[in-house]
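> Below are the sequence and a predicted model for it; my questions follow.
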2 protein chains.
Amino acid sequence: MTDQPTKILLSEDQIPTHWYNIAADLPSPVPPHLHPGTKEPVKPEDLAPIFPPGLVEQELSTERWIEIPEQVRAIYRLWRPAPLYRAYRLEAALGTRARVYYKYEGASPIGSHKANSSVPQAFYNQQAGITRLTTETGAGQWGAALAFACSVFGLDCDVWQVRNSYQTKPYRRMQMETYGARVTPSPSERTEAGRAIRERFPDTSGSLGMAISEAVEAAVGDPQANYSLGSVLNHVALHQTVIGQEALLQLAAVGERLPDQVFACAGGGSNLAGLSFPFLRENLANDAAVRVVACEPAACPSLTKGEYRYDFGDTANLTPLLKMYTLGADFVPDPVHAGGLRFHGMAPLVSAAYDQHLLDAVAIKQREAFAAGVLFSRCEGIIPASESNHAIAGAIAHLQAADDDAADQVVLIGVSGSGQLDLPAYADYLSDEMLDA
Amino acid sequence: MTDQPTKILLSEDQIPTHWYNIAADLPSPVPPHLHPGTKEPVKPEDLAPIFPPGLVEQELSTERWIEIPEQVRAIYRLWRPAPLYRAYRLEAALGTRARVYYKYEGASPIGSHKANSSVPQAFYNQQAGITRLTTETGAGQWGAALAFACSVFGLDCDVWQVRNSYQTKPYRRMQMETYGARVTPSPSERTEAGRAIRERFPDTSGSLGMAISEAVEAAVGDPQANYSLGSVLNHVALHQTVIGQEALLQLAAVGERLPDQVFACAGGGSNLAGLSFPFLRENLANDAAVRVVACEPAACPSLTKGEYRYDFGDTANLTPLLKMYTLGADFVPDPVHAGGLRFHGMAPLVSAAYDQHLLDAVAIKQREAFAAGVLFSRCEGIIPASESNHAIAGAIAHLQAADDDAADQVVLIGVSGSGQLDLPAYADYLSDEMLDA
């Protein structure tokens, strides 16, 4: 199989027509989200103040296939189907006989997989007559994705960005503003929550929890506004399943068998879910034996070190209670560069799959992750996102440990984004000053 | 023609097999480069101290088609054929009946068209037994392209970066270092030229001319090293013609006719040459009537305001004398953001074509360029490079001026790169503080 193309491309009419919902196929049902007050399963009307009907329905759905609206597929065409690459040069550098593929989500306009969910989220809100979306963002990947989607659907986009990132990582803010978003450093004077925090902690550099509080308050207080979240929730995981569905088609298009191993980075879980759930369906429905490996940061190891219990998604305890692997809602990870993986919990759908022994997890320190990212860059040209480096490192560790009998494997890596805006993290690694967390 | 895909893709076996040399088709011959000492046409041996035989041959060639080595095409496969997009959403925003396409070179690993030439340059040097390439870079696009290519072919890459950019635009430096390049702020203590400049001007923030002097000196003084240039010269223009050749195939693939208008930004000229020369061949060889428009910055208008005469490519007067449209080798443009367009001259092949009335030129102020870039970003998602915005602005001005009879046109825009690392320029524009130069 060395006459395959480097890039395996599909035509636009092969963009998936449905999102895949693993809740329909899991051996045991997924525990419901609970209302934080009543501790009862949340009902659609509990979610209605901040989410449009289309997304509420998806959040609570156990339907296997959910149709992707044509208006969403029209925007997906700007970058989807995303390329699947055969990593010929990485294989050679590793001296492996395995066939290594990577699915690259950095080709989206904003440079990561986040646009797969921001586009439908903006669409369903626009359909519901909403004119403004609020959200929070840390390093800014989700904020940029939502800003792009709002510009496409003509919505105002109001982003609260953790003050520390706002000040020290200005590129993502500039990206959001280029798409027309308003970006406010959090905590801000614009909300009660923000003002209260600033009074108590005048010098705080902010946190994701604080920014969530502000964005939710702003949405609740404005009937024209809704709130939008970029990971963790079921509907976000659903939207990302276009990734794995395309990868399945692409491997088949070059006559490749199902992968033996799939490696994806895991923070909130949406990227892992998106790549791996369509492969887990092959295991569940068609008796395939694809091993899925969640690659999480050692600094924030929710699957490998967390507890499976109900917990809040945010530090302010505003969200529904979610059954998930969690390090505790007030867990503060070391300041590793992979900002997108620094979340204390894991998406309920991913957590349920892990609890039911459908996937494995490994924790990877960031120096190992960046060593893998630098090798990958020098072989493949693409400089991966900080988060994606964890998946690459997981795959490389596996390939280097595999004995000769296991060498003839097919390995699929999820490269969730481009590292063009993560270059300071690479510089930190190359200067030998990187925290080995 | 509204059922075309958004992205028109080709398979990897459609990557061009030859570079196109317009010198073979121009009605009048291209004036030769002159040796700066003797004023005689340069001979291969004059170029041998800094260029390998393969590139020297191309520089002096009048052969129409020059075969692309298989080893170069193998690396091109990492991103080529580059996508051609139908700009449906931009068309709608402009309210035009024209069909607008853009050829996007930002999909290369380094985010610009520069890799089309850095890869063959690294290859021919490696074939000649060279182990180190030296070059200069301003904002860093060319340096990043060469660093990438050197990492692929196992060469050391030694980049002198203008000190001001080195200090104020660190992302490109980090990108070069991630690929393994050594980056030195220029003027430096590493060369005689650098030391002399620093003695005379201890506080200088450097210039491209100074950096060229250092990179050339370093190559001349080391038999294992050669020098590499990212624009202007004939062999660089040749390498870029993969762009236009692919665009021709892509338009044909969807049943589109030849474009009425092709807009490309023009600095040193390699991007313009690469997109437009294959279309000019259709005019010269097949009586087509494609209008090609070079979009240059008003701050550095070599075609629209320069003189067609022999001049040096650098301020230090080290290069051969090149017959070109020039503002004078000591012209210092206003500090506009499109660093890649701030060159005092225009590639000799482009200059000859312009002198022979084969293409038009317009000069565009940077505020108009960025207004176009912001509109494009909000419609198409892709944030274009600062340089590319000039081509987009040229096309938009044309479309808005076209009367109704001319409205049913086919317009092709060259988007030479991604603006992910140009976001501070967008921020400057959005803050209304941008110099209107």
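Good, I have the coordinates. Numbering: from 1, shown residues only, chains lettered A, B, ... in the order given.

> so what's whichever residue of the stretch 251-400 of chain A sits closest to chain B up against?
Ranked by CB to the nearest CB, the top residue of the stretch 251-400 of chain A for proximity to chain B is A:Gly381, at 3.0 Å. From N, CA and C alone the C-beta is placed, and that goes for glycine too. Shown in contact with A:Gly381 (CB atoms under 8 Å, 6 or more residues apart in numbering or on different chains): B:Leu78, B:Trp79, B:Ser108, B:Pro109, B:Ile110, B:Ala115, B:Phe148, B:Val152.

> try 10 Å
Applying CB atoms under 10 Å, 6 or more residues apart in numbering or on different chains to A:Gly381 gives the contacts A:85, A:89, B:75, B:78-79, B:108-110, B:115, B:119, B:148-149, B:151-152, B:179.

> List the contacts of A:Val72.
A:15, A:19, A:116, A:119-124, A:149, A:153, A:239, A:242.

> in the host helix or strand of it, what counts as buried?
A:Val72 belongs to helix A:70-76 when assigned by DSSP states H and E. Judged by neighbour count (16 or more other CB atoms under 10 Å in any protein chain shown), helix A:70-76 contains these buried residues: A:Gln71, A:Val72, A:Arg73, A:Ala74, A:Ile75, A:Tyr76.

> touching chain B at all, whatever helix or strand comes next after it?
Sequence-wise, the next helix or strand downstream of helix A:70-76 (DSSP H and E) is strand A:84-86. Yes - using CB under 10 Å from any CB of the partner chain, strand A:84-86 reaches chain B at A:Tyr85, A:Arg86.

> What is the very next helix or strand once past strand A:84-86 packed up against?
The helix or strand immediately downstream of strand A:84-86 is helix A:88-94, counting by DSSP H and E. Judged by 3 or more CB pairs under 10 Å, 6 or more residues apart in numbering or on different chains; DSSP states H and E, helix A:88-94 is in contact with strand A:99-104, helix A:366-380, helix A:386-401, helix B:70-76.

> can you list the residues that contact helix A:88-94?
A:2, A:4, A:6, A:87, A:96-102, A:372, A:375-376, A:378-381, A:392, A:395-396, A:399-400, A:411, A:413, B:74-75, B:77-78, B:152.

> are any of the residues you listed buried, and which?
Buried, going by 16+ other CB under 10 Å: A:4, A:6, A:87, A:96, A:98-102, A:372, A:375-376, A:378-381, A:392, A:395-396, A:399, A:411, A:413, B:74-75, B:77-78, B:152, out of the contacts of helix A:88-94.

> Spatially nearest residue to whatever residue of the stretch 151-300 of chain A ends up closest to chain B, not counting backbone neighbours?
Going by CB to the nearest CB, chain B is nearest to A:Met174 of the stretch 151-300 of chain A, at 3.8 Å. Leaving aside its sequence neighbours, A:Met174 sits nearest to B:Leu423 (CB to CB, 6 or more residues apart in numbering or on different chains; 3.8 Å).

> Could you report the pLDDT at the one you found?
Looking at B:Leu423, its pLDDT reads 96.

> picking up where we left off before, now the helices and strands packed on helix A:88-94 in TSV, with mean pLDDT and distance to A:Ser186?
Below are these laid out as TSV (pLDDT from 0 to 100; distance: least, CB to CB, whole Å):
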stretch	mean pLDDT	distance to A:Ser186
strand A:99-104	98	32
helix A:366-380	98	25
helix A:386-401	96	22
helix B:70-76	98	44
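
> right, and these - which one's nearest B:Ser276?
Closest of these to B:Ser276 is helix B:70-76, at 19.8 Å (criterion: CB to CB).

> What residue, apart from its backbone neighbours, is nearest the single nearest residue of the stretch 101-250 of chain A relative to chain B spatially?
Closest to chain B within the stretch 101-250 of chain A is A:Pro109: 3.0 Å, counting by CB to the nearest CB. Closest residue to A:Pro109 apart from its sequence neighbours, by CB to CB, 6+ apart: B:Gly381 at 3.0 Å.

> JSON lines please, covering the helices and strands packed on helix A:88-94 and showing distance to B:Ala219.
Formatted as JSON lines, the helices and strands packed on helix A:88-94 follow (distance: least, CB to CB, whole Å):
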{"stretch": "strand A:99-104", "distance to B:Ala219": "35"}
{"stretch": "helix A:366-380", "distance to B:Ala219": "23"}
{"stretch": "helix A:386-401", "distance to B:Ala219": "35"}
{"stretch": "helix B:70-76", "distance to B:Ala219": "22"}
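
> Out of the ones you listed, which is closest to A:Gly37?
Using CB to CB, the nearest of the helices and strands packed on helix A:88-94 to A:Gly37 is helix A:386-401, at 34.3 Å.

> Check whether the closest one comes into contact with chain B.
No - with CB under 10 Å from any CB as the criterion, chain B is not reached by helix A:386-401; the gap is at least 11.6 Å.

> Pull up the residues of the stretch 251-400 of chain A that are close to chain B.
Near chain B, when you scan the stretch 251-400 of chain A using CB under 10 Å from any CB, you find A:Phe370, A:Gly373, A:Val374, A:Ser377, A:Arg378, A:Cys379, A:Glu380, A:Gly381, A:Ile382, A:Ile383.

> What is the most widely separated pair among those residues?
Farthest apart among these by CB to CB are A:Phe370 and A:Gly381. That separation is 17.0 Å.

> For A:Thr38, identify the helix or strand it belongs to.
Going by DSSP H and E, A:Thr38 is not part of any helix or strand.

> Quickly note the distance from it to chain B.
42 Å (CB to the nearest CB, to the nearest Å).

> Backbone dihedrals for that residue, both of them.
phi -80, psi -20 (degrees, to the nearest 10).

> For it, list the residues it contacts.
A:Asp46.

> got a pLDDT number for it?
94.

> Roughly how far does it sit from A:Asp46?
Applying CB to CB, to the nearest Å, the value for A:Thr38 to A:Asp46 is 9 Å.

> same thing with A:Tyr104?
A:Tyr104 sits 38 Å away from A:Asp46, going by CB to CB.

> ok, back up a step: surely the residue of the stretch 101-250 of chain A closest to chain B and B:Thr6 touch.
No - between A:Pro109 and B:Thr6 there is no contact under CB atoms under 10 Å: 11.9 Å.

> so what's in contact with those two at the same time?
Common neighbours of A:Pro109 and B:Thr6 (CB under 10 Å, 6+ apart) are A:Ile75, A:Leu78, A:Trp79, B:Glu380.

> is it true that the first one touches A:Gln121?
No - taking CB under 10 Å as the definition, A:Ile75 is not a contact partner of A:Gln121, at 11.7 Å.

> Need the overlap of contacts for the two.
Residues touching both A:Ile75 and A:Gln121 (CB under 10 Å, 6+ apart): A:Ala149, A:Phe153.

> count of residues packed around A:Ala385?
By the criterion of other CB atoms under 10 Å in any protein chain shown, A:Ala385 has 32 neighbours.

> State the phi and psi torsions of the residue of the stretch 151-300 of chain A closest to chain B.
Per degrees, to the nearest 10, the backbone of A:Met174 is at phi -60, psi -40.

> close to chain B, is stretch A:54-69?
No - Stretch A:54-69 does not reach chain B (CB under 10 Å from any CB); its nearest approach is 15.6 Å.

> what about stretch A:184-201, start to end distance?
18 Å (CA to CA, to the nearest Å).

> Could you check that stretch and say which residues are buried?
So, applying 16+ other CB under 10 Å, buried residues of stretch A:184-201: A:Thr184, A:Pro185, A:Ser186, A:Pro187, A:Ser188, A:Arg190, A:Thr191, A:Ala193, A:Gly194, A:Ile197, A:Arg198.

> and chain B, which of the residues you listed contact it?
Among the buried residues of stretch A:184-201, no residue sits close to chain B (CB under 10 Å from any CB).

> Which members of those are positioned in helices?
Counted as lying in helices by DSSP state H, out of those, are A:Ala193, A:Gly194, A:Ile197, A:Arg198.

> Tell me the one of the residues you listed nearest B:Trp65?
When these are compared against B:Trp65 (criterion: CB to CB), the nearest one is A:Gly194, at 64.3 Å.
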